[in-house]
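**Student:** Build me a structure from this.
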Amino acid sequence: MGEKTFRFLVEGGKVTAGPPLGPALGPLGLNVLAVAEEANKLTKEFMGMRVPIEIVVNTDTKQFQIKVGTPSTAALIASTAQVPKGSGTPGKDFVADLKFAEIVKIAETKLPDLRSKSLKSAVKEILGTCVSMGVKVDGMVAKEVIKLIDQGKYDSFLGEKK
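**Tutor:** All right, here's what the predicted structure looks like:
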């Protein structure tokens with residue numbers, strides 16, 4: 001038969017043999033519990049966040065491979081800021097204040113999934129999400145930080161991280 005690929009959005013570290021895995025993988029004769037345990041090992045660093053995973057199953061040998069994506073940018077920001085969600089009125093109400101170094105760390109995590117070619121542009125993408133979520137950075141509105149990046153104020157910091 002060959003290979004079949006399945007994509008799921010699961011909660012990191014809390015994958016079970018039930019839905020959504022069970023109904024999709026069970027008919028293939030796969031040990032769904034073993035798949036769930038492996039998925040939990042691979043997603044434990046994203047505990048409490050929704051993580052995209054891709055499971056490639058060889059239908060002949062019943063072997064499987066799991067590829068883990070990264071959570072959404074908003075989920076990473078909310079997790080780092082330790083808030084359940086962004087502001088309902090961003091620009092007026094702010095839910096958190098992150099350090100620039102934390103933004104860079106999120107950008108490094110997301111870089112493979114972003115369209116950005118450089119860390120600098122990835123950081124600006126993350127800051128754009130901060131604007132939408134009502135999250136300040138180093139006590140400033142994220143738009144101000146983007147202007148400072150454009151002026152070259154963070155070049156030395158971003159240059160070290162490349």
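
**Student:** Show me the chain divided up by domain.
**Tutor:** Following automatic domain parsing, the chain resolves into domains at 3-68, 73-161.

**Student:** Just give me the residue closest to the centre of this structure.
**Tutor:** Most central in the chain under Cα atoms, centre = their mean is Pro71, positioned 2.3 Å from the mean C-alpha point.

**Student:** Could I get the phi/psi values of it?
**Tutor:** Backbone torsions of Pro71, given as degrees, to the nearest 10, read phi -60, psi 170.

**Student:** for it, what are its contacts?
**Tutor:** Going by Cβ atoms under 8 Å, 6 or more residues apart in numbering, Pro71 touches 12, 46, 49-52, 79. The C-beta positions use only the backbone N, C-alpha and C, and glycine is treated the same way.

**Student:** For stretch 5-20, which residues meet the burial criterion?
**Tutor:** Using 16 or more other Cβ atoms under 10 Å as the test for burial, stretch 5-20 gives 6, 8, 10, 12-13, 15-16.

**Student:** Export the domains of the chain as CSV, with columns for mean pLDDT.
**Tutor:** Converted to CSV, these look like this (pLDDT from 0 to 100):
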stretch, mean pLDDT
domain 3-68, 93
domain 73-161, 92
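
**Student:** Just give me the longest helix of the protein.
**Tutor:** helix 119-133 (DSSP state H).

**Student:** What lies in contact with the helix or strand just after that one?
**Tutor:** As assigned by DSSP states H and E, the chain's next helix or strand after helix 119-133 is strand 135-137. The contact list for strand 135-137 (Cβ under 8 Å, 6+ apart) reads 77, 81, 86-87, 94-100, 103, 127, 130, 142, 145.

**Student:** Roughly how far does Thr59 sit from Gly29?
**Tutor:** As judged by Cβ to Cβ, to the nearest Å, Thr59 and Gly29 stand 9 Å apart.

**Student:** Over to Leu42?
**Tutor:** Going from Leu42 to Gly29 by Cβ to Cβ gives 22 Å.

**Student:** Looking at those two, which is more packed in?
**Tutor:** More crowded of Leu42 and Gly29, by other Cβ atoms under 10 Å: Leu42, with 17 against 10.

**Student:** Now the residue nearest to the centre of the chain: closest residue in space, sequence neighbours ignored.
**Tutor:** Counting by Cβ to Cβ, 6 or more residues apart in numbering, the nearest residue to Pro71 once its immediate chain neighbours are dropped is Met49, at 4.2 Å.
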